[in-house]
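*Asks:* could you look at this predicted model? Sequence included:
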Amino acid sequence: MIDLDPVLLARIQFAANITFHILFPAITIALCWVLLFFKLRYNRTGDDKWMAAYFFWTKVFALCFALGVVSGITMSFQFGTNWPGFMNTVGNIAGPLLAFEVLTAFFLEATFLGVMLFGFRRVPGWLHTTATVLVALGTTASAFWILVLNSWMQTPVGFEMIDGQAHASDWLAITFNPSMPYRLTHMLLASGLTAAFLVAGVSAYRWLRNDRAPAVMAALKTGVYLAAILIPIQIFVGDLHGLNTLKHQPQKVAAMEALWETRKGAPLVLFGFPDEEARTNHYALEIPKMASFILTHEMDGEVQGLNDFIGEHPDVAPVFWGFRIMVGVGTIMLAVAWAGVYLLRRQQGMPPWFAKVLVGMTFSGWIATVAGWYVTEIGRQPYLVSGVLRTADAVSDVPGGMIGLTLTAYVLLYVFLLSAFVVTLFYLARKAGESDKPPGIVQHVDDRRSVMYGAGE
Amino acid sequence: MIDNGEWLPYAFVFLMGLSMLIYTVLDGYDLGVGMLIRYADAEEKDRMIASIGPFWDANETWLVLGVGLLLVAFPAAHGIILSSLYLPVSLMLIALIYRGVAFDFRVKVRAEKKERWNSNFFCGSLITSLSQGYMLGAYILGFDTGAAAVAFSLLVGVALAAAYCLIGACWLILKTEGELQRKAVRWARYSLYVTAAGIALISIATPLVSERIFDKWFAFPNIILLAPIPIITVALVAGLYFLLRALPRENDSLCWLPFVMTIGIFILCFHGLAYSFFPYIVPGRLIIEEAAAAPESLFIIFIGALIVLPFLIGYTILAYRIFHGKARDLSYD
């Protein structure tokens, strides 16, 4: 217990919490817009399959939302318990951004979630649709503020340091800091892809179990088409985001590409084992000049290497591997989504092997999102706020043993909850197929609905 | 506009205090219901949880706001308080997580696992309440870590859990009918005894541990000016005691009154504590002004809060109106 490094432990603990947390917002941010799509299709067509899809996915949404809320509460406390130096140094900037998240997003989504989940029979149709819109706006606003703050930590501007504390001088510059538009778009699209593959995967699972309710195919198609539209946009935005990072955080890009020496015509390292001690890559498989081409769009463009940033660059291996996992999963997503569009449009319908592929891809969004966040967050090290505050200077003096103890408790809890979530998700899918209740449970709603608004009984 | 902003820290203490008070009332009742499900049968459990289902999420958000305001307006105090309370805070968070997800899992898992999630919900609610009370006790004693201080904090933990049970039972008296309502009246009575004892304990202990607080209450003329706080509290407790003996009435009249009276007790206790500690934000160590963040940052949050709060209150009222009346079964479709 004695030689546990409190900085590393505090980092691992925060990383464990935030990794678990991000899984659920990554679903809910976009899933809520998908739900709105189902609701609007129902309002337009009156086809019960859309409402059946809405109700099934509302259950999943509620579960994800609850997991996201409770794991998010942990975050607001851990700023204080793990990183008191963070708020002491940049609290004047982080504070208002976090406060705006709570004020504009949390209450909105939490309050209207109740109406959205349980209000279908109690409020008029328009109000129920409005509640869905407001929850969707709330989750997106929440993503906006938190990504403003995260991007500011990556590319801080619009402040001055007075007595070791950051003071805001230009809120517009802080909000629209250089990396914010790219990171926000990249994350919103990531959420869209996570939700799209989740919806497609779980629907494919139901389809494979011979659940041929019209709602299943409707949701499956929605997921596949959504993914097929979003993935090329995501690849394009990801490239822009990378170029933006190269401009503002060249050491992060050097770590992503495992480039040690500054050079013209730098090769793209496809595969290899970065060795921090020897400052080289082992067993590297490289494409000559390709990194220069991707990053500068010129074959002989100069790319800065890690050796220009000794002591100021992140650990190379996790950033290098995280980036490869993200890009790899993204490429598979592209192949699956586009193949899916082709297969779903054929006369003979979807082949079972493709449904199995979709089931396999159910959580692919999670893998890509988490890998991407590891790249950008570990890539910012050794700083908590680039150039302003080192992570080691922000850590609290809570003893390592105590952090280790709570870390163990958190990790056990998260493993348990994650397995419970996955088991329950597929259980819900099976149960939805087994129930004898016809999908058209909604036909009597309209006459009841009129008397419900504000009326308790 | 920013006249050197000396009033801002006090405005934020007010907002933070208000959030904490609203939190103890709102999440208080749903934590209370969570602890009481232990004593209900399966059907009653569903009904009890249906009564809090549409609200608990927003209720919990007041905690995020309260702690968030502490974090953003008084970062130095946030650091000291949360590092001193590291273990109880972690325990509370884990319990809150368990409890929050149990809400959803209990109705979505296989039928035979439901009971297990019900007891997770109970345990989570209980541990959350106990650890919040423990933190309050530790705060009152200025984070003293002696054995006596720990014992005192544990007692405050039990007292707060009882207070939550009380307000939870009163919520059920308002939201349910029949046998469950009669049970709720009984639960409210038992909880009231423990709550009253807890209030007495804290009222005696707080001035004893700090000479400053003793002087604030017992110096002349404060003792006369402040007398209404304890007097009205005692009157409310006594009134509630007699009211609970008379409930439920035939036409269910006055079913809302215990809840309102309990809120009154919460408000008075909160004022008593707030008066005792003002102007300290960390008792005996840090006063409000020293701990505050920069005025320009506080100002922008303050403006934001002024704009958002009316909407927030508006749609909270809307939600309570939509789900008003006796609790019915909750369903998505």
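*Replies:* That came in fine, so what should we check first?
*Asks:* next helix or strand past whichever strand or helix holds A:Trp321?
*Replies:* For A:Trp321, the element it lies in under DSSP states H and E is helix A:316-345. Next along the chain after helix A:316-345, taking DSSP H and E as the criterion, comes helix A:352-360.
*Asks:* and that following helix, C-alpha only, in CSV?
*Replies:* Included here for helix A:352-360 are C-alpha records, laid out as CSV according to Å, rounded to 0.1, in the frame of the first residue of the first chain:
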residue,chain,number,x,y,z
PRO,A,352,-28.9,-14.0,-41.7
TRP,A,353,-25.2,-13.7,-41.8
PHE,A,354,-25.4,-10.0,-42.1
ALA,A,355,-27.8,-9.8,-39.1
LYS,A,356,-25.1,-11.7,-37.1
VAL,A,357,-22.5,-9.1,-38.2
LEU,A,358,-24.8,-6.4,-37.0
VAL,A,359,-25.2,-8.1,-33.6
GLY,A,360,-21.4,-8.3,-33.4
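*Asks:* for that helix, buried residues please.
*Replies:* A:Phe354, A:Ala355, A:Val357, A:Leu358, A:Val359 (16 or more other Cβ atoms under 10 Å in any protein chain shown). To be clear about C-beta, it is placed using only N, CA and C from the backbone, and glycine gets the same treatment.
*Asks:* model confidence for the fourth one, exactly?
*Replies:* Same thing as A:Leu358. For A:Leu358, the model assigns a pLDDT of 94.
*Asks:* and it, how far from A:Gly46?
*Replies:* 28 Å (Cβ to Cβ, to the nearest Å).
*Asks:* now swap in the second one and tell me
*Replies:* In this view, A:Ala355 and A:Gly46 are 28 Å apart by Cβ to Cβ.
*Asks:* what's the answer for A:Leu189, then?
*Replies:* Counting by Cβ to Cβ, the gap from A:Leu189 to A:Gly46 is 32 Å.
*Asks:* more crowded one of the two?
*Replies:* Taking other Cβ atoms under 10 Å in any protein chain shown, A:Leu189 and A:Gly46 do not tie; A:Leu189 has more neighbours (19 against 11).
*Asks:* give me the element that one is part of.
*Replies:* Going by DSSP H and E, A:Leu189 is in helix A:180-208.
*Asks:* please enumerate the helices of the stretch 151-300 of chain A.
*Replies:* Remark: helices assigned in the stretch 151-300 of chain A by DSSP state H, counting those that start in this stretch are A:171-175, A:180-208, A:214-248, A:250-257, A:290-296.
*Asks:* chain B: which of these is closest?
*Replies:* The minimum distance between chain B and these falls on helix A:171-175, with 6.6 Å, by Cβ to the nearest Cβ.
*Asks:* pull out the buried residues from that closest one.
*Replies:* For helix A:171-175, using 16+ other Cβ under 10 Å, the buried residues are A:Trp171, A:Ile174, A:Thr175.
*Asks:* report the separation between the last one and A:Asn244.
*Replies:* In this structure, A:Thr175 lies at 16 Å from A:Asn244, with Cβ to Cβ as the measure.
*Asks:* number of nearby residues for residue 292?
*Replies:* Picked chain A for this. Neighbours of A:Ser292 (other Cβ under 10 Å): 23.
*Asks:* wait, chain B
*Replies:* 23.
*Asks:* how about B:Gly5?
*Replies:* B:Gly5: 17 neighbours (other Cβ under 10 Å).
*Asks:* now A:Ile233
*Replies:* Applying other Cβ under 10 Å, I find that A:Ile233 has 13 neighbouring residues.
*Asks:* what is the lengthiest helix in chain A packed up against?
*Replies:* Longest helix in chain A, counting residues (DSSP state H): helix A:6-45. Judged by 3 or more Cβ pairs under 8 Å, 6 or more residues apart in numbering or on different chains; DSSP states H and E, the packing partners of helix A:6-45 are helix A:48-82, helix A:125-154, helix A:180-208, helix A:214-248, helix A:364-378, helix A:391-394, helix A:400-434.
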